[in-house]
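A.B. asks: predicted structure and sequence below. I'll ask about it afterward.
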Amino acid sequence: GADAARFGFKSSLLLLQSLASAALAAAMLARQPPAASPRAPRQRQRWRWVVVVGAYYASHWFGLASLPFLSYPVHVTLKSCKAIPVVIGERLLTDRRHAPSKYLGVIAMCVGASAFVVSAMGDASDKTTTARGVGLVGCALVADGLYGGFQTKLVGSCDSEWVLMFTMNAWQAALSLGSALAAGEGRGAVAAASEPSVARDLLAFNLFKALGTLCVYKLLREAGTIVVATVTTLRKVLSVLLSVAFFGHGLDVTQIAALALVVLHKYVGDAAARVLFDTPRRAD
């Protein structure tokens with residue numbers, strides 16, 4: 001978040017992180033046997049690729065565009081709810097179904113994550129939250145639900161998860177390049193990136209972003225969309241928790257309760273399902 005606000009060229013930042021992820025996916029593909037090279041999608045799947053790539057780009061673009069209009073705690077809190085539109089998108093757009101306890105557990109996790117971030121971060125931001133910022137991050141969450149709903153099917157139709165990672169990020173890079181040129185970011189972005197401190201931060205940001213993206217696509221193929229959304233939410237909580245520990249702050253009762261809800265969200269979902277639906281707990 002800090003890198004995007006500091007660099008100030010959202011389309012160029014998205015271009016750089018997309019190129020880094022596409023390059024890493026290409027390197028992984030180069031290590032695979034020839035059978036794992038990209039294959040052309042079937043005709044009936046091409047519209048899904050269009051929707052997924054477009055929503056993937058929109059999610060990142062809207063998320064970056066919202067940063068100047070949201071305080072950091074509010075931004076992280078809203079993005080902590082990403083798992084909710086993802087499971088809704090998977091429910092509406094695919095034939096995958098989960099037990100009610102799974103959905104209730106995801107909601108409990110998001111509530112706990114949001115409560116923890118808000119209480120831990122407090123008002124440690126010099127930016128004011130505006131309706132425009134909330135609207136932009138809301139659009140990002142809708143886009144998360146769209147591309148998250150279709151990703152599981154698409155990754156299963158690819159020869160490897162790296163094909164999906166490369167395709168989505170290569171197309172996102174192309175869209176970001178067009179957006180950056182249309183916005184006239186070229187010279188300004190190059191000048192800003194030439195500053196040693198900014199260049200160092202951009203390099204670290206894009207490197208770790210690409211490595212994180214690699215882990216997400218590997219997990220997507222092996223475990224599915226809901227697990228990926230859960231892990232990315234827990235990652236946000238962990239980053240705030242590490243920040244709290246690094247600066248030597250303690251945890252109050254509210255924060256401990258919120259963390260407990262995050263950690264125990266599966267069991268909370270099971271218990272809520274038994275109360276609300278009078279159904280026995282079952283494996284999902």
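C.D. replies: Structure received.
A.B. asks: let's check: the centremost residue of this structure is which one?
C.D. replies: For the chain, residue 232 is the residue whose C-alpha lies nearest the centre (CA atoms, centre = their mean; 6.4 Å).
A.B. asks: got phi/psi on it?
C.D. replies: phi -70, psi -30 (degrees, to the nearest 10).
A.B. asks: any idea how far the host helix or strand of residue 46 is from the chain center?
C.D. replies: In the assignment (DSSP states H and E), residue 46 maps to helix 46-66. Distance of helix 46-66 from its chain centroid, counting by CA atoms, centre = their mean, to the nearest Å, is 11 Å.
A.B. asks: from the contact counts, what lies against that helix?
C.D. replies: Packed against helix 46-66 by the contact rule (3 or more CB pairs under 8 Å, 6 or more residues apart in numbering; DSSP states H and E) you find helix 10-30, helix 131-157, helix 161-182. C-beta coordinates here come from the backbone N, C-alpha and C atoms, glycine included.
A.B. asks: tell me how many other residues crowd residue 238.
C.D. replies: A count of neighbours around residue 238, defined by other CB atoms under 10 Å, yields 12.
A.B. asks: scratch that, residue 234
C.D. replies: Look at residue 234: counted by other CB under 10 Å, it has 18 neighbours.
A.B. asks: sec struct for the spatially closest residue to it that is not a sequence neighbour, please.
C.D. replies: Leaving out its chain neighbours, the residue that sits closest to residue 234 by CB to CB, 6 or more residues apart in numbering is residue 262, at 6.9 Å. With DSSP: H, G, I helix; E, B strand; the rest coil as the basis, residue 262 sits in helix.
A.B. asks: over to residue 71: give its phi and psi.
C.D. replies: phi -70, psi 150.
A.B. asks: where does it land on pLDDT?
C.D. replies: On the pLDDT scale, residue 71 is placed at 80.
A.B. asks: hmm, residue 262 is touching residue 116, no?
C.D. replies: Yes: Residue 262 is within contact range of residue 116, at 6.6 Å (criterion: CB atoms under 8 Å).
A.B. asks: what residues are shared contacts of the two?
C.D. replies: Shared contacts of residue 262 and residue 116, defined by CB atoms under 8 Å, 6 or more residues apart in numbering, comprise residue 237.
A.B. asks: out of these two, which sits in the busier spot?
C.D. replies: Ranked by neighbour count (other CB under 10 Å), residue 262 and residue 116 place residue 116 first, with 27 against 24.
A.B. asks: and that one, how far from residue 249?
C.D. replies: 13 Å (CB to CB, to the nearest Å).
A.B. asks: now swap in residue 55 and tell me
C.D. replies: Distance from residue 55 to residue 249, by CB to CB: 37 Å.
A.B. asks: which of those two has more neighbours?
C.D. replies: Counted by other CB under 10 Å, residue 55 and residue 249 do not tie: residue 55 has more neighbours, with 23 against 12.
A.B. asks: what sits against the more buried one?
C.D. replies: Neighbour list for residue 55: 143, 144, 146, 147 [criterion: CB under 8 Å, 6+ apart].
A.B. asks: out of the residues you listed, grab the one that's most surrounded.
C.D. replies: Using other CB under 10 Å as the neighbour test, the contacts of residue 55 are led by residue 144, with 28 neighbours.
A.B. asks: just the CA coordinates of stretch 257-270, formatted as CSV?
C.D. replies: Output of stretch 257-270 as CSV, limited to C-alpha atoms (Å, rounded to 0.1, in the frame of the first residue of the first chain):
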residue,chain,number,x,y,z
ALA,A,257,-10.9,-12.0,20.8
ALA,A,258,-10.7,-11.0,17.1
LEU,A,259,-7.6,-13.1,16.6
ALA,A,260,-9.4,-16.0,18.3
LEU,A,261,-12.3,-15.6,15.9
VAL,A,262,-9.9,-15.7,12.9
VAL,A,263,-8.0,-18.7,14.1
LEU,A,264,-11.1,-20.6,15.2
HIS,A,265,-13.4,-19.5,12.3
LYS,A,266,-13.9,-23.1,11.0
TYR,A,267,-15.2,-24.3,14.4
VAL,A,268,-17.3,-21.1,14.7
GLY,A,269,-18.8,-21.9,11.3
ASP,A,270,-19.5,-25.5,12.3
